[in-house]
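A.B. asks: Okay, sequence plus prediction incoming.
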Amino acid sequence: MRLLPQRLLPPMLRRRTGDRGSAEIGVALVAAAVVAGSLVGTGVARTAVEVTDGVTWLADSPTGQVVEINPATLEPQSAALVGLPGQQLVLSQDRGRLVVANRATGALTSIDLATLLASGRRDATPGEAVTVLLDHGRAFLVDRGVGLVASIDPVTLATRGRVWLAPKGLRDATIDGKGSLWVASGDDALTRLTWSDASLTFTSEETHALARIGTTVRLVAHERGVTAVGPGTGAIVQVGTGHDLVSAAPQMRGVIAPAQSSSSTLVPVSVPGRDVVVLVRDGSRVSEVQTGALGCPSPGAPVELHGVVYVPCPTAGRVIRLGGDGSKAGPDILTGKGAPELVVDDGTLLVNVPGSTKGVRVSADGTTTSFVRFDETIKPADVDRDPAKEDKAAQEKARKDREGDRNRPHKDPPRYDPGSGGLPTSTPGGPRPTHTSTRTTTPSSSGSGSEDPPSAPTPAPRAPVITEARATGSGSASVTWTQPGPDATSYDVLVGGAVVTTVSGSTTSTTLTGLATGSTVQITVRGSFAGGRTAVSAPAAVTPAGAPAAPGASPSARPPAAAPRPRSRSPGTPPPTTAAPSPATPSPPTARTGRTPGAGRPARPASPCPATRERRRAGRSASRSPRPTPSAPVRPAPPRPR
């Protein structure tokens, strides 16, 4: 960089003779504060993991968290808890590392973004006096409260080598795009420093006088060089940009909020107390924009991006856009409640509103997109957790899961008790189940199925409820039911505990034929679901009327229904015979209903021969325990006298 000769520079920019160099830490009190009192060791290895710079971290001071946003998907990916709710957090990010400055406590925390673990901590001066500058893997600590600039390890935050001290105080410091460190000291000097990793010292490359700029100086970094502004005098000095400037802005008085960095051809500075934004253009022209008239009182620190100045309006819930000439450069960006903060990442502007769930991304062409900046479902990581214990616990859990899968016995599906109200009662080989489960059945060669173990708990289906059951004719009955809750895939209708028919899940009534006439039968219904079967419904008693017709008899000449059979008979009593059905009689039932206590035997197609009948009767008589017959008839008691 070529500089003008000393005699051609204004007095405030003339180079000072002598090299201030790298000051040794000669004062014991300062040395104790810098080296001994400021470091908090963590024991973490000095190894940084390189990650792609494709994510942006935003501070959420109301919750004490920092949130990771993926600019490609505009979604929060992770979060870390680094402070208490309400503490102001300031972030610096570079090459897979995040340094968080807690303005309330002065604590500095370095976080490895690959693991979300704190790799180093350091105590510094609370408030806005401390700034951490990250540049291409290097880290510098600027502490205006102590008046020093230190090179620190970005992983552990420990001081490296010698510290540069400003005997008369440090007003501000920044780093430009070329990696040069610019420092404004209390003796009205602007110095460019370079750091040597070989000698671990700072070297003063050039020094410029800043006379008459005032006791307060703020620096704005450019790709090359800086702009120094003095709010006490309104002075503006631009150095090292190739078109050095000395000017003034009358409205730039009091507290100012300059841009952190910008192009050297457009430098914005906000003056909140006067509702003004000062624009320094092309190194020679200075203009003042009244933002109060544009709906932006008390403007915040602006950002210059692609020739447009974005000015946050904390009290108005918006961000206004200004061109280089001070005119409106586009519609306002509404942010709602909260003070918006502007973050630039890879040529994209992100409007962060701490405490809000939404943010706004501004592309290079000026288009805006809303995104979710805070998701309550994302659990913030504890940056102070012990990774060794965490890994050991995860490995132990995985080992137990594998052993459990290997040793888990095969269980049959839950059995349902008709009186349990639809809940499973017991499972062979296991404890009482409390839920039904979805199973996949694979048919085997024998026709049975093998069922997978339960996959997910689901509520047990309830048993159907029979609403009507009545006899409809000779040997037939109709039954109607309802299914509480969702419909079943199919229903089984049972007579005497045996399934006689199955209907689809859309059918809730059916007619049964081939039932024993003149005898009371018990009808129940159960539903089938993907997760199993329900309990059977409460039984409904039906007595089908009529009797099979005799051979050659017409339906109108059929005898009345026979009375129910007695529960038992004596060995000498011959069994009743059943005539063979005529072609006009209905076919016998296809499924054998079994025998229900108190109900009659189903009719047979034809009577066996007398010899067969005698053998069957003899076998039944031998298997029964007949009641003893009285030796003499029981005489009735005489009537009572009146």
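C.D. replies: That came through fine.
A.B. asks: what about residue 129, neighbour count?
C.D. replies: Neighbour count for residue 129, taken as other CB atoms under 10 Å: 16. C-beta here means a position set from N, CA and C on the backbone, and glycine is covered the same way.
A.B. asks: ok, so what distance separates it from residue 112?
C.D. replies: 26 Å (CB to CB, to the nearest Å).
A.B. asks: Can you classify residue 263 as helix, strand or coil?
C.D. replies: coil (DSSP: H, G, I helix; E, B strand; the rest coil).
A.B. asks: Next, count neighbours for it.
C.D. replies: So residue 263, with other CB under 10 Å, has 16 neighbours.
A.B. asks: got it, and residue 502?
C.D. replies: 12.
A.B. asks: so what's it up against?
C.D. replies: Contacts of residue 502 were listed using CB atoms under 8 Å, 6 or more residues apart in numbering, and they are 490, 491, 492, 493.
A.B. asks: element containing it, please.
C.D. replies: strand 498-504 (DSSP states H and E).
A.B. asks: Of all the residues in that strand, which ones are buried?
C.D. replies: 500, 501 (16 or more other CB atoms under 10 Å).
A.B. asks: Mind listing the strands that strand pairs with, and their directions?
C.D. replies: Strand pairing for strand 498-504, using DSSP bridges, gives strand 490-495 (antiparallel).
A.B. asks: Identify the residues contacting the strand it pairs with?
C.D. replies: In contact with strand 490-495 (CB under 8 Å, 6+ apart) are residues 464, 479, 481, 483, 499-505, 507-508, 510, 512, 515, 521-528, 533, 536, 593.
A.B. asks: Produce a ChimeraX select command limited to the buried residues of the residues you listed.
C.D. replies: Buried residues within these, by 16+ other CB under 10 Å, are selected in ChimeraX with:
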select :464,479,481,483,500,501,508,510,512,515,521,522,523,524,525,526,527,528,533,536,593
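A.B. asks: Show me what counts as buried in stretch 215-233.
C.D. replies: Buried residues in stretch 215-233 (16+ other CB under 10 Å): 216-222, 225-231, 233.
A.B. asks: er, stretch 533-543 I mean
C.D. replies: In stretch 533-543, the ones that count as buried by 16+ other CB under 10 Å are 533, 534, 535, 536, 537, 539, 540, 542, 543.
A.B. asks: Pick the one among those residues closest to residue 91.
C.D. replies: Nearest to residue 91 among these, counting by CB to CB, is residue 534 at 59.1 Å.
A.B. asks: give me phi/psi at residue 273?
C.D. replies: Per-residue torsions, residue 273: phi -70, psi -20 (degrees, to the nearest 10).
A.B. asks: got it, and residue 110?
C.D. replies: According to degrees, to the nearest 10, residue 110 has phi -100, psi 130.
A.B. asks: The spatially closest residue to it that is not a sequence neighbour: which element?
C.D. replies: Among residues not flanking residue 110 along the chain, residue 120 sits closest, at 4.2 Å (CB to CB, 6 or more residues apart in numbering). Here residue 120, judged by DSSP H and E, is contained in strand 117-123.
A.B. asks: Check which helices and strands the helix or strand just after that strand sits against.
C.D. replies: Next along the chain after strand 117-123, taking DSSP H and E as the criterion, comes strand 130-135. Under the contact definition 3 or more CB pairs under 8 Å, 6 or more residues apart in numbering; DSSP states H and E, strand 130-135 sits against strand 89-94, strand 97-102, strand 138-143, strand 170-175.
A.B. asks: Give the rounded mean pLDDT of strand 130-135.
C.D. replies: For strand 130-135, mean pLDDT rounds to 90.
A.B. asks: what does it rub up against?
C.D. replies: Under CB under 8 Å, 6+ apart, the answer for strand 130-135 is 92-95, 97, 99, 101, 106, 108, 124, 139-145, 152, 154, 173-175, 179, 181.
A.B. asks: which intervals of the protein have sub-threshold pLDDT?
C.D. replies: The model of the chain has pLDDT under 70 over residues 1-54, 71, 283, 390-391, 393-394, 402-460, 546-612, 614, 618-642.
A.B. asks: now do the same end-to-end measure for stretch 294-311.
C.D. replies: 11 Å (CA to CA, to the nearest Å).
A.B. asks: Buried residues in that stretch, which are they?
C.D. replies: Neighbour-count burial for stretch 294-311 [16+ other CB under 10 Å]: 294, 296, 298-305, 308-311.
A.B. asks: Could you single out the nearest of those residues to residue 272?
C.D. replies: Closest to residue 272, out of all of those and judged by CB to CB, is residue 298, at 4.4 Å.
A.B. asks: and the closest one, which of the three is it?
C.D. replies: coil.
A.B. asks: Excluding chain neighbours, give the residue nearest to it in space.
C.D. replies: Nearest to residue 298 is residue 272, by CB to CB, 6+ apart, at 4.4 Å.
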